[in-house]
Structures are given as structure tokens and as C-alpha cells.
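J.: Dropping a prediction and its sequence here:
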Amino acid sequence: GDSVTQMEGPVTLSEEAFLTINCTYTATGYPSLFWYVQYPGEGLQLLLKATKADDKGSNKGFEATYRKETTSFHLEKGSVQVSDSAVYFCAQTGNQFYFGTGTSLTVIP
Amino acid sequence: ETGVTQSPTHLIKTRGQQVTLRCSSQSGHNTVSWYQQALGQGPQFIFQYYREEENGRGNFPPRFSGLQFPNYSSELNVNALELDDSALYLCASSPPSGRRVSEAFFGQGTRLTVV
């Protein structure tokens, strides 16, 4: 069935470091792919999305490319900030949203 | 354009009680989904409503039930609460795209604690 596998955390980085959070998916069709971010005590905020193969989603310096050949949608950012500290969820659509287990990111000054 | 709003934000209930959580969908959205997020976990799909009918259900027992109203707002009802029902309950609304969800906008969630 449809599922999302996400890199386990927690991840701790120094400010201005490069970030990669790996995400792979299993789908019977051609899903749209998403990254959501959750700050402490809050709901999920859409960070970026891609709807078809080779699309690149981007927002606030974050990027992810829909790779059909490797069934992946890895999240990257070139230079993280303290304010990026949050939990990141990879997700795909089918008849519902399938979420990964989340990756906690802490950025230290 | 208003976003997705949920009420209440926090709730404490006793085991065995019943609870109703409410969600107002984003303007123009006709699909509402509910998710349970246990501490440290990703959201798990409970069910989805499309045009007032249940359209998909996750692996949750029948004591989890819902409604969608003509204005597309929704309720999640949980009967016979158990300690393991303690979680953040998230509502998401989606724009019209047939029965297949294309994107979702989430509310802030209701934090339910069962004691």
C-alpha cells in the first residue's frame, strides 16, 4: 500500500549548515508530494509541494525535487537558521494523506 | 480568506466519556479530513468527508465517528474515551478535486488529554 518513509531524527545542526532530510515513498499511482513543518504546540504548515515527476518545490530557502526513478522527495536547505528548528513531515496524497513519522530538527547558534 | 479553525484548542476528559471536536473548513473547500497525532508520531488518518458523506476511513474503531454539515464544517466524535486517545487531533480541508485529495490545509489542532 501507499506509505512514506522518512529519515529518523533528531537532527542537530549549527546555524548556516546544510540540511538534508531524506524521504522515500511507495505509491500505486502518481501521488503529489509534500513537506509540512510543525512548530511546537502548533498544527501543520505546508512548506512546499510537487505534483509530478521532476517538479521542484521551493519555499523559504527549502527545496525538494520529485524523483520518480528513486521514489524520493528529499528536503534540502543550503543554510539553516535557528528559526528553522521544528519537526518536518514528508507526505504523499492518494485518497488520503500519508505522512512519515517526522524528523525533528534543532539548529543551534 | 479564513483558514481552517478548530475548537476547542485544549480539552481534558475522563476515561469512558464522550467528546466532540469541531472544525470549520477553509472557504471554498468541500473536503474535510481528520487525523490523530500521538506524541512524537506522524498524523494518522481517521476519516474524510466529501460533500457530507464519509469518503474513506483509516484503521480506527467505530467509536470514532464524524459528520460534515452543508457549510462543509465538520465534527469528530469519540465515544467511550480511552487513555490512548490522548493526542493532537488535526482537521484538514481540501479544495474541490473530486474524491482524490490534491492538497490539504491544516488547522492548529485540538489537544485532547484523557485521564
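T.: Noted; the coordinates are in hand.
J.: Can you give me the first-to-last residue distance of stretch B:74-84?
T.: Start and end residues of stretch B:74-84 are separated by 23 Å (CA to CA, to the nearest Å).
J.: brain fart, stretch A:11-28
T.: By CA to CA, the extent of stretch A:11-28 from end to end equals 31 Å.
J.: Name the residues that touch that stretch?
T.: A:1-7, A:31, A:33, A:35, A:64, A:70-82, A:84, A:88, A:90, A:92, A:94, A:98, A:100, A:103-109 (CB atoms under 8 Å, 6 or more residues apart in numbering or on different chains). (Glycine included, C-beta is placed from N, CA and C.)
J.: now B:S7: how far from chain A?
T.: To chain A, B:S7 is 13 Å away according to CB to the nearest CB, to the nearest Å.
J.: Isn't that residue up against B:R22?
T.: Yes: assessed by CB atoms under 8 Å, B:S7 is found in contact with B:R22 at 5.0 Å.
J.: sorry, back to before: keep only the contacts of stretch A:11-28 that also lie close to chain B.
T.: Subset of those in contact with chain B: A:Q6, A:G94, A:Y98, A:G100, counting by CB under 8 Å from any CB of the partner chain.
J.: May I ask you to confirm that the second one is in contact with A:L33?
T.: No: look at A:G94 against A:L33 with CB under 8 Å: they stay out of range, at 11.4 Å.
J.: Neighbour count for these two, which is higher?
T.: Neighbour comparison, A:G94 and A:L33: the larger count goes to A:L33, with 27 against 18 (by other CB atoms under 10 Å in any protein chain shown).
J.: Can you tell me the closest non-neighbouring residue to the more buried one?
T.: A:F73 (4.3 Å; CB to CB, 6 or more residues apart in numbering or on different chains).
J.: Can I have the buried ones of the contacts of stretch A:11-28 as a ChimeraX selection?
T.: Buried residues among those (16 or more other CB atoms under 10 Å in any protein chain shown), as a ChimeraX selection:
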select /A:2,4,6,7,31,33,35,64,71,72,73,74,75,77,80,84,88,90,92,94,98,100,103,105,107
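J.: Which helix or strand in chain A has the lowest average pLDDT?
T.: strand A:97-99 (a mean of 90; mean pLDDT, DSSP states H and E).
J.: by contact count, what packs against the helix or strand just after that strand?
T.: Scanning forward in sequence from strand A:97-99 by DSSP states H and E, the next helix or strand is strand A:103-108. With contacts taken as 3 or more CB pairs under 8 Å, 6 or more residues apart in numbering or on different chains; DSSP states H and E, strand A:103-108 sits against strand A:11-14, strand A:19-21, strand A:86-93.
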